[in-house]
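# Below are the sequence and a predicted model for it; my questions follow.
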Amino acid sequence: MSYDLSLLGWSDQRATQLPAGTVPGRVARVDRGAADVIAADGQHQARYTARVRRAAAADPVALPCVGDWVALSWLDEGRYELDRVLPRTTAFIRGGVSRTSVGGLSGDGQGQVLAANVDVVFVAEPSMHSTDFADLGRIERLVALAWESGGTPVVLITKSDLFEQGLDQLLADVRVAAPGVDVHAVSSLNGDGVRLAGDYLEGSRTAVILGPSGAGKSTLVNALAGEPVMETQQVRAADGRGRHTTVHRELIPLTGGGLIIDTPGIRRIGLYDIGEGVDLVFADIEALAEQCRFGDCGHSGEPGCAVLAALESGELPERRLQSWRKLQREAAWMAARTDARLRKEQQNRWKVITKEMRRSGRNRP
Ligand SMILES: Nc1nc2c(ncn2[C@@H]2O[C@H](COP(=O)(O)OP(=O)(O)OP(=O)(O)O)[C@@H](O)[C@H]2O)c(=O)[nH]1
Ligand SMILES: [Zn+2]
């Protein structure tokens, strides 16, 4: 029985990183000291080798997490050990985790990877939620987190069926709040925009959905999956004979292709770290700031301040400037409490993001 790992996102590029004598697999779920891994010959529970445990003790970011591609080494009788985490293309990292929360494997309790190798980050914000309208500030925050991870953010204004009259104006406002980011309205109720969202997963790409409770994330996952997502997910066998393996629900394969990672940690991520991603969400303000007369302009009354000029002309909404200041303060606070190594990892990701953005020409004001 064989499974086509390319359906899970395995690529030639990743194959070049696989150590000799090992087989690849993708982590569907982690547990203390072991992970559920999908390999070409099925799903395995693989314990960590001493190499992985040592690396994780020195640096918890090295712990395997859902979405990771890993190298498995043969143990005996159809059993494997998880011997190495292959280089991550993207990662959601939460800083300042306590020692115990990562199963006692953490050395300094700094940093935890919540999900890895996520290509697309859907930011779900309801067009309307009871009596509240979409919260632009929350969108900015989550888009910053998305950029920070190295994935590509896509904003989905959910429950669009509830707010048809004001939708066009809302989408226009959201596009200002998230420059360079695709913005779509979706309704899982009437199906509007669901196909469009699914298209981002073409080529077996992996997504997460961030957003507040009640945004309609689970409903959208089910709509994308094409059938109700059950307790255990099924990956179709590549041999075409309809054999299946069960996969825990944290890595959800969609019938239309692509995968969604859904974990409690990712669901709560709005409360966590933001850093350089802020600069990307506020690329318009950053560009204005570059035109200020003084290089160290604080945008609080200095002569020749382009930011305040834009505020006065109405080009820059007051709300957005305040949001920028707030997120910058938070990012500075985060940076101060993040250790140097984690910062370095973030900087490396940052370089990749910047390169990627230069390539795609995004966020050019
Ligand atoms: N009108 C309308 N209601 C929706 C839509 N999508 C979801 N809902 C409803 O909104 C409520 C919340 O949806 P969920 O999918 O559970 O939201 P969630 O984001 O997963 O929430 P948490 O699990 O708390 O994070 C449910 O009652 C859904 O039926 C939609 O497109 N239109
Ligand atoms: Zn200024």
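Sure thing, it's come through. Ligands and ions are numbered 1, 2, ... in the order given.
# Tell me how far the residue nearest to K159 when sequence neighbours are not counted lies from ligand 2.
Spatially, and ignoring its direct neighbours in sequence, K159 is nearest to P126 (4.7 Å; C-beta to C-beta, 6 or more residues apart in numbering). For glycine as for every other residue, the C-beta is placed from the backbone atoms N, C-alpha and C. Shown here: P126 relative to ligand 2, a distance of 35 Å by C-beta to the ion, to the nearest Å.
# what's the distance between P126 and E286?
Look at P126 and E286: by C-beta to C-beta, to the nearest Å, they are 29 Å apart.
# Give me the more crowded residue out of these two.
P126 (22 against 16; other C-beta atoms under 10 Å).
# my read: that one touches A215, true?
Yes - with contact defined as C-beta atoms under 8 Å, P126 reaches A215; the gap is 5.0 Å.
# Identify the contacts common to those two.
Counting by C-beta atoms under 8 Å, 6 or more residues apart in numbering, the common neighbours of P126 and A215 are T158, K159.
# what's the neighbour count on the nearest residue to V61 once chain neighbours are set aside?
With sequence-adjacent residues excluded and distances taken as C-beta to C-beta, 6+ apart, V61 is closest to G111, at 4.6 Å. By other C-beta under 10 Å, 25 other residues sit near G111.
# G111 contacts C65, doesn't it?
No - the criterion here is C-beta under 8 Å, and G111 misses it with C65 at 11.2 Å.
# which SS class is R29?
strand (DSSP: H, G, I helix; E, B strand; the rest coil).
# Which residues does it form beta bridges with?
Applying DSSP bridges to R29 gives these bridge partners: D36.
# who's in contact with it?
A35, D36, V66, H248, E250, L251.
# which one among these gets closest to C297?
The shortest gap between C297 and any of the contacts of R29 belongs to V66, at 43.0 Å (C-beta to C-beta).
# Three-state assignment for the closest one, please.
Going by three-state DSSP: V66 is coil.
# Give me the phi and psi angles of it.
Main-chain torsions, V66, degrees, to the nearest 10: phi -60, psi 130.
# cool, and I266?
phi -70, psi -40.
# was I right about it contacting L210?
Yes - with contacts counted by C-beta under 8 Å, I266 reaches L210, the gap being 7.0 Å.
# what about the two, which has more around it?
The neighbour comparison of I266 against L210 (other C-beta under 10 Å) goes to L210, with 26 against 23.
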